[in-house]
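could you work out the structure for the sequence below:
(5 chains)
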Amino acid sequence: MARYLKRVSKKIGLDPGTMVHIGKKDAMAIQIRLFDYDAGHYEERPVTTFDDLKPYKDKPTVTWLNVDGLHDVETIAKIGEIFGIDPLVLEDIVNTAQRPKMEDFGDYLFIVFKMIYSWGDKGDIVSEQVSLVLGTNFVLSFQEEPNRDVFETIRQRIREGKGRIRKFKSDYLVFALMDSVVDHYYLVLEKLGDKIEEVESKILTDPNTMIPRQTHELKRDIISLRRQIWPLRELLFELSHSESPLIEKTSEPYFRDIYDHAIQVLDTVESFRDILNGLQDVYLSSVSTRLNEVMKILTMFSTIFIPLTFIVGVYGMNFKVMPELEWRWGYYVLWGVMIIITVGMVTYFKRKKWF
Amino acid sequence: MARYLKRVSKKIGLDPGTMVHIGKKDAMAIQIRLFDYDAGHYEERPVTTFDDLKPYKDKPTVTWLNVDGLHDVETIAKIGEIFGIDPLVLEDIVNTAQRPKMEDFGDYLFIVFKMIYSWGDKGDIVSEQVSLVLGTNFVLSFQEEPNRDVFETIRQRIREGKGRIRKFKSDYLVFALMDSVVDHYYLVLEKLGDKIEEVESKILTDPNTMIPRQTHELKRDIISLRRQIWPLRELLFELSHSESPLIEKTSEPYFRDIYDHAIQVLDTVESFRDILNGLQDVYLSSVSTRLNEVMKILTMFSTIFIPLTFIVGVYGMNFKVMPELEWRWGYYVLWGVMIIITVGMVTYFKRKKWF
Amino acid sequence: MARYLKRVSKKIGLDPGTMVHIGKKDAMAIQIRLFDYDAGHYEERPVTTFDDLKPYKDKPTVTWLNVDGLHDVETIAKIGEIFGIDPLVLEDIVNTAQRPKMEDFGDYLFIVFKMIYSWGDKGDIVSEQVSLVLGTNFVLSFQEEPNRDVFETIRQRIREGKGRIRKFKSDYLVFALMDSVVDHYYLVLEKLGDKIEEVESKILTDPNTMIPRQTHELKRDIISLRRQIWPLRELLFELSHSESPLIEKTSEPYFRDIYDHAIQVLDTVESFRDILNGLQDVYLSSVSTRLNEVMKILTMFSTIFIPLTFIVGVYGMNFKVMPELEWRWGYYVLWGVMIIITVGMVTYFKRKKWF
Amino acid sequence: MARYLKRVSKKIGLDPGTMVHIGKKDAMAIQIRLFDYDAGHYEERPVTTFDDLKPYKDKPTVTWLNVDGLHDVETIAKIGEIFGIDPLVLEDIVNTAQRPKMEDFGDYLFIVFKMIYSWGDKGDIVSEQVSLVLGTNFVLSFQEEPNRDVFETIRQRIREGKGRIRKFKSDYLVFALMDSVVDHYYLVLEKLGDKIEEVESKILTDPNTMIPRQTHELKRDIISLRRQIWPLRELLFELSHSESPLIEKTSEPYFRDIYDHAIQVLDTVESFRDILNGLQDVYLSSVSTRLNEVMKILTMFSTIFIPLTFIVGVYGMNFKVMPELEWRWGYYVLWGVMIIITVGMVTYFKRKKWF
Amino acid sequence: MARYLKRVSKKIGLDPGTMVHIGKKDAMAIQIRLFDYDAGHYEERPVTTFDDLKPYKDKPTVTWLNVDGLHDVETIAKIGEIFGIDPLVLEDIVNTAQRPKMEDFGDYLFIVFKMIYSWGDKGDIVSEQVSLVLGTNFVLSFQEEPNRDVFETIRQRIREGKGRIRKFKSDYLVFALMDSVVDHYYLVLEKLGDKIEEVESKILTDPNTMIPRQTHELKRDIISLRRQIWPLRELLFELSHSESPLIEKTSEPYFRDIYDHAIQVLDTVESFRDILNGLQDVYLSSVSTRLNEVMKILTMFSTIFIPLTFIVGVYGMNFKVMPELEWRWGYYVLWGVMIIITVGMVTYFKRKKWF
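Have a look, this model is predicted:
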């Protein structure tokens, strides 16, 4: 959490519109890949110079410029210039501390949101900012890192010309990209769900001191997921009810579909939150119950042996005059008394249902 | 929970509109049953070939095609084609991970929601997806499994021509089907209510370590029920306020009625939630109170016998010079002292209201 | 809770509109009482045959038909027929598991809600369904049981012609009936409030194991009250903002008044809920505090006497060579040491503020 | 709480519009004070007969009739008659169990709300009902008791002609009266805030058994304050957005100002609620922590001395054959062993960070 | 909290519009600084007399009057007079207990909100009121104290003519001032976040008695932050959707941007609240778990040694007739028995998984 805030505080005092890259700096160069297609034709190539990009802006085919890496501010400024993007938008693209939102600039839509995936062995949840610019004939997509690629299946579909993607316009491409990201939310939730079930079964079988910690960490994950999915849901609502001519009537059912998915994701997150809150209660209850049992054992042992120990202590005294000590059967009588006391105690605890 | 997410993640990367069956795969073949009726006439038969289905689409009588089993994607695609259903709808029908929703496609309405019943000896809550397509003269219904049939009473009513069903149009059939499903929610709630009362009475009479677990499981059931009923409520609200010409004015009170039922179900679910939350507090309180009592017993025994044991220890010492040991009445005086201490202690605990 | 659900599940599979009495079956016959009045005239009589009821429907005087008992479905069907009431409404009247609601049928309004009173020595909260039908010149009222009569004061006012009731139209009678029911909510809340204060003062003076149970039962009462009052509040809002010509402009302030009362009742219920939630915390806190005190006593006794007992044990050993035992003042020195230890311990606990 | 409900239940069964005084009965007679002023002139006198009140109704100067005491129902009825007030309003004025509300009767506005002050040494929160009737040229104000006078500063301002009050119309007087009441809410909150801070600092320094009780009482105060301030806030919202010609455009900023104050009061009440909820957690945590420490002391003492006591017990046995007892250095060796055990235990607890 | 209320209660009984300085009184004199600029020209100077301020009001350049210190009520009144500000606004400016709000007075907008920064070594959160008046060609800004200057970077930007600020109108200056304040919220949240993480890691590694106190104090900070940020968010929403001609169309994206920031701040505050609530649960859980472990150790030691101590006590008795004492191998047999008991106990605890 604090890390994220630090990223923001870097910009304090700067003039708005100043492009400052806020985020991880990759050693790798920016990678830019161009796709240009319509139902019949298809072109794919890496972009190295910007001289030949200009004509793509107004070409009637769909052009997709896929930019991986945001640290090279100048390159992004140049792309912005070619496609006529407002400097305020470019500033938002390189600042990866954006809240998911959509802005309608008339001849293009700007959409920014988070891609989420679980990473590494421990399944830590990592999020990365994705920005999309949807123009009439082009889509610009910006990601932070090139190596985690959720868009590969879409590229495949474009290459192979299967499905609807080559027959539709640029808005369908935006849908496909967002859909692919939202689908990955399910994977993250799946992993989270597995972790919750693991903690759940541990609480019920073998509760240990790590559980409050694990539950707390899962809760933090849920809190941070909610913070990213709520605004995404709003964004998708706006998008699926958009008046913008860039979103064609025929594409609306698709956007409504991702909106439904976002709600489902949110539902699941809320359910997870409820379950986690419940788990903490279960843990506390079972710790209390165990304490109770431990104390019962201690109390049983103590209350049985403490009086007995007192009694044997009495006959360990060295008084000159202690008639019982002289009795012939004294020792045996005492054993009898002690057995009666023990049996009485055990009966008492049995009736109290202590074991 | 996690199981459900896994079902979804199967589709990641596929082109939307691709029909993929997500759900349980039945060994049994799909079962299709056709009903065709109006006030005067009635026909019922299983459907094996699709050649003779075509005319039913536009016949002025009400046609109900009842499909059990979703794994045979091709059959469903064929039915969709005959009745002119959009591929996006067919995709939703076979994907059983839908959130309850209603979509108006102009000449037909698509409704998808969950049927819930309690299953097996332990009364586990099972849910199954039901999809309905309401056209002017036909209703298509799709279920996952054929063996749990809540629609049998409706078939009976059609066969016998009793009640309103044969006199009304297809929208009334949709109402009857949904009503029958929602009525089954009451049965599930009834069982849940019984289980809650059982846990409740156990907490108050014989609290044991299984209770936190049981309460937690009931809570999970409630959480998952809420997730399915909230969107159903919205769906029914939309339906009962629908502008669609497919829902006739005379049917509106009926839909309003199921809407009322859904609210009542939701009210009950919320009440159950509140009660369960309260139960956990009651459990914790009674565990704490019991611990308190156990500790009182331990403390009473300890504080009475510990000083006495010390005293008899003193006179068990082997010092050469211990004048008390020589006294004639030493032993009896000591007993007196010990009795006084005991009485004092007991009085003290009585005044503290410990027993 | 479960009982109420069982009542509903009786109807599963039936055709809507089928009148099925769901509720308690009284041995007594239905009692029907007719009032007919305007400012100048007044008639009251029991109804035994239905032949002479017909003309009352359109008479310009106000006619009030007060029906006690719902199990005789045919009688109610006949009354419905005479006054032109829709079968769906009659079905709702005899099914006492309705959610409070209002429905506008153009020439009459149908209102159904719950009467609540506390019953028996233990003040259990009992609810009974009341249905009202408001026509231009008539009011039909239906109750489950005749013996708990909250409407008697209204009958008196009609008989004596005091107050406004005889000068106003049928809508004012509906207001008077509803007002009388809502006023009884205050009585129930008063009793509930007394019970809460009782539990409250017990927690603070003499907390015992019955308190979690009692608090839980009060909470359940509150939960079930809320479920009945929330929809009543909505109903009254609709009624006081109704566009129906059956509610005259001059009556609106009266309905607004009951609406205000319903809000006040709801406010009180919510306050009770908050107080009860707080009580559970107070109980847990005071149990914990008491445990703390018990443990302090145990710890004080143990930590003082355990070392002393060890010391006297040492000098109870039978080693051949134990020089201290031979000393002249050994025994007295030991007492000195033990007194010093005790004083030290007590001082320590005093500084820790343990007593 | 229950007291308030009892006041209401007195009216059950009465015809609405019947004036019944519900509230405290003062031995003192009603006190009525008349103010009549405009920018240039000013008149103040007690009112004893009602004969000369009539002309004030339509006089273009502002007339303020300040009535203290509500138990003399007839006097209030007479005033109502003179100024043309609806009997329903008069009924509400004398019934001091109203929910704060505003009603627009065309040529006058009726406003009823609560005055709150803390009373007595213990600072109990007392509330009193204030009713205002705002006509074109007059303001009627009704209070329950004359001795707690928050309006004195306003009277002074009228007498001295300072500030705006004499230059404005009757709506400004209503504003001044309400403003004065709402300002007193701050005083109550200030006292509550002090009490909360007191409890807060006690919990952190010297938690005792009175704290759950005090926290609970503060919570009840907060709950009852919320119940009175929420509707006041709504009332002030309506008033500051009123369409009534009685509220002049120039007065709107003033009403908006009190509305802002009411929100601020509500914000503070909500904050207090959150803090109090937090306090209960802090109390429970610190009780648990203390218990933990007490148990650590007990456990340390017990685990160190219990084995030692066992060992000395062994050598207190009287077996004929116990070789160790005969050893020359047996006694000293044993002391060595016991010291080693003790050091070992202490090291163990140190490593566990128990002290 | 209470301090803030005391500030308000100073004003009770005063005529509204009376300017009373409520807040800290600085020994320093008020400092006023004038900026006057447009794209081409720039003037900056301290203001000592007010004679030459008049012409700035209507000059087409942007004039910024930056007033530090509010205790000199007359100076502020004079500034108000020169720029034609309503006395009600001036009253709000000097009363530093305002709730953040915006008011549109036609030819100027009045905006009041809180600047928040963490102060001192302990990072206490301090808030200060900032008031802005936006006219066509001028901006007046009022702060409580001159020494905490968040506006310095803006002055620099004006002086150096860098960025957009000199090219835009007065509304952009207001944006820049507010943006600078909101950016400081991030710094405060960053510090808060660090503190929370500190407490978090302490709970999980070394929980001590200070933690409930620290958590509670962080919660109080969060509660008071929420109280100040919620109305700020509303204010910014109004501002970014304002119809006022003072806010130019081109400035709207900027205001929308701060609005987004305010939402992000609020999101973070809510997340912090959730995390803190969770932390308290984690603390309680880990205290309970530790208690459990302490009790296990006590119980293990007690239950092993208590029976053993009893046994050795038996053979310490002085009965004349105790055959076992005479046995040759008695002592060794007893050791055997005691070892068996000990091994049995340890096995039992092992099977219970106590260590």
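
show me where the stretch 201-350 of chain A has helices.
For the stretch 201-350 of chain A, the helices defined by DSSP state H, counting those that start in this stretch cover A:210-240, A:252-314, A:323-326, A:330-351.

between these, which gets nearest to residue C:232?
Residue C:232 lies closest to helix A:252-314 among those, at 28.9 Å (Cβ to Cβ). For the C-beta atoms, the positions are set from N, CA and C on the backbone; glycine is no exception.

may I ask you to confirm that residue A:180 is in contact with residue A:156?
No. Counting by Cβ atoms under 8 Å, residue A:156 is not a contact partner of residue A:180; they are 11.4 Å apart.

neighbour count winner among those two?
Under the neighbour definition other Cβ atoms under 10 Å in any protein chain shown, residue A:180 and residue A:156 were set side by side, and residue A:180 has more, 18 against 12.

now that one: closest residue in space that isn't a chain neighbour?
residue A:150 (5.2 Å; Cβ to Cβ, 6 or more residues apart in numbering or on different chains).

got any ranges where chain A has weak pLDDT?
In the predicted model, chain A carries pLDDT under 70 at residues A:1-17, A:22-28, A:120-121, A:147-148, A:355.

what does the stretch 251-355 of chain A put close to chain C?
residue A:316 (Cβ under 8 Å from any Cβ of the partner chain).

which parts of the stretch 251-355 of chain A sit against chain E?
So the stretch 251-355 of chain A meets chain E at A:280, A:283-284, A:287-288, A:290-291, A:294-295, A:297-298, A:301-302, A:305-306, A:308-309, A:312-313, A:315-318, A:322, A:324-331, A:334 (Cβ under 8 Å from any Cβ).

list only buried entries from the residues you listed.
Neighbour counting over these (16 or more other Cβ atoms under 10 Å in any protein chain shown) leaves A:280, A:283-284, A:287-288, A:290-291, A:294-295, A:297-298, A:301-302, A:305-306, A:308-309, A:312-313, A:315-318, A:322, A:324-325, A:330-331, A:334 as the buried ones.

so which of those also contact chain D?
Answer for those near chain D (Cβ under 8 Å from any Cβ): residue A:316.

dump the helices of the stretch 201-350 of chain A to CSV, plus distance to chain B.
Below are the helices of the stretch 201-350 of chain A laid out as CSV (distance: least, Cβ to the nearest Cβ, whole Å):
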stretch, distance to chain B
helix A:210-240, 12
helix A:252-314, 4
helix A:323-326, 8
helix A:330-351, 9
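
the ones you listed: which one's closest to residue B:94?
That would be, of these and by Cβ to Cβ, helix A:252-314, which comes in at 14.8 Å.

show me what the closest one is packed against.
The contact analysis (3 or more Cβ pairs under 8 Å, 6 or more residues apart in numbering or on different chains; DSSP states H and E) places helix A:252-314 against helix A:170-205, helix A:210-240, helix A:330-351, helix B:210-240, helix B:252-314, helix E:252-314.

quick check: phi and psi at the residue of chain A found nearest chain C.
Across chain A, the shortest distance to chain C (Cβ to the nearest Cβ) belongs to residue A:316, at 6.8 Å. Phi and psi for residue A:316, reported as degrees, to the nearest 10, are phi -90, psi 0.

tell me which residues touch the residue of chain A found nearest chain D, please.
Closest residue of chain A to chain D, Cβ to the nearest Cβ: residue A:316 (6.8 Å). By Cβ atoms under 8 Å, 6 or more residues apart in numbering or on different chains, the residues touching residue A:316 are B:312, B:313, B:316, C:316, D:316, E:313, E:316, E:317, E:318.

now do the fifth one against residue B:269, distance only.
Meaning residue D:316. Here residue D:316 is placed at a distance of 68 Å from residue B:269 (Cβ to Cβ, to the nearest Å).

same thing with the first one?
Taking Cβ to Cβ as the measure, residue B:312 falls 65 Å from residue B:269.

surely residue A:140 and residue A:57 touch.
No. At 10.4 Å, residue A:140 does not count as touching residue A:57 under the criterion of Cβ under 8 Å.

what segments of the stretch 51-200 of chain A are strands?
Listed in chain order, the strands of the stretch 51-200 of chain A (DSSP state E, counting those that start in this stretch) span A:62-68, A:101-104, A:108-119, A:124-135, A:138-143.

can you give me the buried ones in stretch A:55-74?
Buried residues in stretch A:55-74 (16+ other Cβ under 10 Å): A:56, A:61-73.
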